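*Asks:* got a predicted structure plus its sequence, pasted below:
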Amino acid sequence: MRKSILFLSLLAVLSLVAACGPTPTPEVIEKEVVVEKEVPVTIEVEKVVEVEKVVEVTVEPVEEPTAAYERSETLYTSGKQWGPPSNWNPIMTWAYAMGTVSLVYETPFVYDPLADEFIPWLAESGEWTSDTVYEMTLREGINWTDGEPLTAEDVVFTYELGKFPSVPYSTVWNWMESAEAVDDYTVRFTFSEPNYQEWAFSLYQNAIVPKHLWEGRTEEEVATGANENPVGTGPYLYETHSEDRMVWVRNDNWWATEQLGLSVAPKWIVDIVNSSNNVSLGMVLQGQLDLSNNFLPGVASLRDPGRGYGIQTYYPEPPYMLSANTAWLVLNTAKPPMDDPAFRRAVAFAIDVDTIVAVPYGSIVKKASPTGLLPNWDKYVDQDVVDELGFSYDPDEARAILASAGYEDVDGDGFVEAPDGSTIELNIIVPNGWTDWMESIRVIADGCQAVGINLTPDFPDYGALVDARSSGNFDMLINNDKQICNTPWVYYDYVFRLPILESQTTTNFGRYENPEAWDLVQELDRTPVDDVEAMREVMSEIQRIHLTDLPIIPLWYNGMWAQYNNAVWTNWPCSADDCNHYTPSTWNQYWNMTSLLMLTELEPAQ
């Protein structure tokens, strides 16, 4: 039996089935939910635009989570895991079970993206002692959970695993000459060239593994092994897992309690595998989830204290969420007419991003800067370049650019032909079921059609989209892979990386070739992270190339989706001065960007 919820605007039905999280996920596992009891739920969702129709949406009552764990000591989360947990390998940065890095395997530093500062963690300190030598001093008295001490040999061993080509950070050995243990707690890294930006990124991304347990593993075991029974240094231990959840239990011997005075509040963390967003919505409203990192509709109503749902978000007003990544329109620059910068510029002026923000998203995302740089990187934006070369929604300007570049409607069908007279028929794709993105590309297609560009939205399944994206067999698509982090170098490396390969699986999906831009990205990489002025100078040149050629068109900042229920746990991160300002996300790479510290601030509800 199901309870129905009436959502009184078109907004409310968008993005119920699947959300665009921090990174694409290869498979959505749908599960039947056994209903133990019926719980009526009613939500009123505010109108963002004129109501077109009343739509009835079913939200399934869900069975209570297992009673094996004392509810007042258990944190229930959801939003990262879209399939059963199947590996606990911190090397597999894209696929490990929720919490594997930071809850179990820790990093030398933690990075706070809101304060823009590195927090010493396993490492007590680290510094460049010369242009090409970096020395790291580890904290003494940290033990692996099997009782063995953490030493410099573990750090050296972890980095040397990168000599296996299939390890994600193997490229560090293109410019690292050696990693050596000077003594039990000092590691010296020597480089042939100092890629300062990339190195700083690695200091809080690469989790350290125990040499005494990993030594002797094959490359396949290191890079893709499941690593059952993980042994780390972190605040939690493996408890159990099943098809629908991952369970961690607190490590009461965590080193940071004695050395930093920190303790994590929940005794257990139970992460529920996503089945669909309507199930997640029901669980949040019924208090069965404490933290949901799913995209949920109707946030304005959910968090209204007058309506009694007890839901909280980081900001009390739109956009409600922190910005996590930039959603771009990626144009395949290897195919005409997307190979023409004038055509790409016309597309940029044809897109009504304000409507995307207001309608599919109900104002819970922010319109992106023309540079695409996230809000925490505002200090690097060259506003003079933006004023000169930026863009905004202007259909007349889009038509003028097309006409000036020779695009005309020769046959009178309402769509322009290319300057050589050839017909233009293009598709824009996003994965089927990612309904917020599906509605967004309908807005994009409508805007392009209105200025004479024949663009049609299409919704292949996720696997087909990945194949098309990697092979270059597409016209336009939306992508948002790179997350908030310490350096815009990561962003620009993603956009401009060369050389172009036959299969582009991780970067530069638009196959844009500009050696000058790529040289600048590498120059940025070699710029010390504390030399802000030098970074600005290099990025100003990169921004000029980007806004002149527009290989990607920044659209909006995807939110760091996070909805909290205060029924069991309180003192969540928020924007108020008296709140903690940590990242409230269970997504990969976020625990080591202060989400772990969120757990030390949680308090039981009174």
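*Replies:* Noted; the coordinates are in hand.

*Asks:* now do residue 482 against residue 490, distance only.
*Replies:* Per C-beta to C-beta, to the nearest Å, residue 482 is found 6 Å from residue 490. (Glycine included, C-beta is placed from N, CA and C.)

*Asks:* among those two, which residue is more densely surrounded?
*Replies:* Per other C-beta atoms under 10 Å, whichever of residue 482 and residue 490 has more neighbours is residue 482, with 22 against 17.

*Asks:* so that one touches residue 489, yeah?
*Replies:* No. In this structure residue 482 lies outside contact range of residue 489 using C-beta atoms under 8 Å: 10.4 Å.

*Asks:* for whichever helix in the chain runs longest, buried residues please.
*Replies:* When the chain is parsed with DSSP state H, its longest helix is helix 532-549. Within helix 532-549, the residues that count as buried by 16 or more other C-beta atoms under 10 Å are 535, 538-539, 541-547, 549.

*Asks:* and it, what does it pack against?
*Replies:* Judged by 3 or more C-beta pairs under 8 Å, 6 or more residues apart in numbering; DSSP states H and E, the packing partners of helix 532-549 are helix 341-350, helix 383-389, helix 489-496, helix 515-525.

*Asks:* rerun that using 6 Å as the cut-off
*Replies:* On a contact count with 3 or more C-beta pairs under 6 Å, 6 or more residues apart in numbering; DSSP states H and E, helix 532-549 meets helix 383-389, helix 515-525.

*Asks:* how about residues contacting it?
*Replies:* Contact partners of helix 532-549, identified using C-beta atoms under 6 Å, 6 or more residues apart in numbering, comprise 341, 371, 380, 382, 385, 389, 492, 517, 520, 523-524, 527.

*Asks:* could you list the domains of the protein?
*Replies:* With domains defined by automatic domain parsing, the chain comprises 1-105+234-320+560-606, 109-224, 323-559.

*Asks:* same question for the last one, mean pLDDT?
*Replies:* Spelled out, that is domain 323-559. Across domain 323-559, the average pLDDT comes to 96.

*Asks:* again, but for the shortest one
*Replies:* If you average the pLDDT over domain 109-224, you get 97.

*Asks:* pull the distance from it to the chain's centre.
*Replies:* Between the centre of domain 109-224 and the centre of its chain there are 23 Å (C-alpha atoms, centre = their mean, to the nearest Å).

*Asks:* for the longest one, same thing?
*Replies:* Taking C-alpha atoms, centre = their mean, one finds domain 1-105+234-320+560-606 lying 15 Å from the centre of the chain it belongs to.

*Asks:* helix, strand or coil for the residue lying farthest from the centre of the chain?
*Replies:* The outermost residue of the chain relative to its centre, with distances by C-alpha atoms, centre = their mean, is residue 411 at 44.4 Å. Following DSSP: H, G, I helix; E, B strand; the rest coil, the label given to residue 411 is coil.

*Asks:* if the residue nearest to it when sequence neighbours are not counted is in a bridge, with which residues?
*Replies:* Closest residue in space to residue 411, ignoring its immediate chain neighbours: residue 417 at 7.1 Å, by C-beta to C-beta, 6 or more residues apart in numbering. Residue 417 forms beta bridges with residue 408, residue 423, as assigned by DSSP bridges.

*Asks:* for burial, what's the neighbour tally of residue 417?
*Replies:* Counted with other C-beta under 10 Å, residues neighbouring residue 417 total 19.

*Asks:* do the same with residue 235
*Replies:* Residue 235 has 27 neighbouring residues, counting by other C-beta under 10 Å.

*Asks:* my guess is it contacts residue 264. True?
*Replies:* Yes. Between residue 235 and residue 264 there is a contact under C-beta atoms under 6 Å: 4.6 Å.

*Asks:* and residue 591, how far is that from residue 106?
*Replies:* For residue 591, the distance to residue 106 (C-beta to C-beta) stands at 9 Å.

*Asks:* kindly report the same for residue 72.
*Replies:* Taken as C-beta to C-beta, the span from residue 72 to residue 106 is 27 Å.

*Asks:* between those two, who's got more neighbours?
*Replies:* A count of neighbours by other C-beta under 10 Å puts residue 106 above the other of residue 72 and residue 106, at 27 against 11.

*Asks:* ok, the more buried one - contacts?
*Replies:* With contacts defined as C-beta under 6 Å, 6+ apart, residue 106 is in contact with 122, 233-234.

*Asks:* how does it look with 7 Å?
*Replies:* By C-beta atoms under 7 Å, 6 or more residues apart in numbering, residue 106 lies in contact with 121-122, 207-208, 232-234.

*Asks:* and which of those residues is nearest residue 189?
*Replies:* Closest approach between these and residue 189, by C-beta to C-beta: residue 208, at 13.6 Å.

*Asks:* tell me if I am right that the closest one is in a strand.
*Replies:* No. Under three-state DSSP, residue 208 falls outside any strand and is assigned coil.

*Asks:* what's around it, how many residues?
*Replies:* Neighbour count for residue 208, taken as other C-beta under 10 Å: 25.

*Asks:* contacting residues for it?
*Replies:* If you count contacts by C-beta under 7 Å, 6+ apart, then residue 208 has 105-108, 122, 154-155, 158 around it.

*Asks:* excluding sequence neighbours, find me the nearest residue to it.
*Replies:* Nearest in space to residue 208, with sequence neighbours left out and distances taken as C-beta to C-beta, 6+ apart, is residue 158 at 4.9 Å.

*Asks:* correct me if wrong, but that neighbour is in a helix.
*Replies:* Yes. The assignment for residue 158 is a helix, going by three-state DSSP.

*Asks:* would you mind measuring from it to residue 234?
*Replies:* Distance from residue 158 to residue 234, counting by C-beta to C-beta: 15 Å.

*Asks:* please enumerate the shared neighbours of residue 235 and residue 264.
*Replies:* What both residue 235 and residue 264 touch, as defined by C-beta under 7 Å, 6+ apart, is the set residue 250.

*Asks:* where do the helices sit along the stretch 101-250 of the chain?
*Replies:* Ranges of helices within the stretch 101-250 of the chain are 152-160, 196-205, 211-214, 219-224, based on DSSP state H, counting those that start in this stretch.

*Asks:* quick one: contacts of the last one?
*Replies:* If I follow you right, that is helix 219-224. The contact list for helix 219-224, computed with C-beta under 7 Å, 6+ apart, reads 91-92, 161, 164, 166-167.
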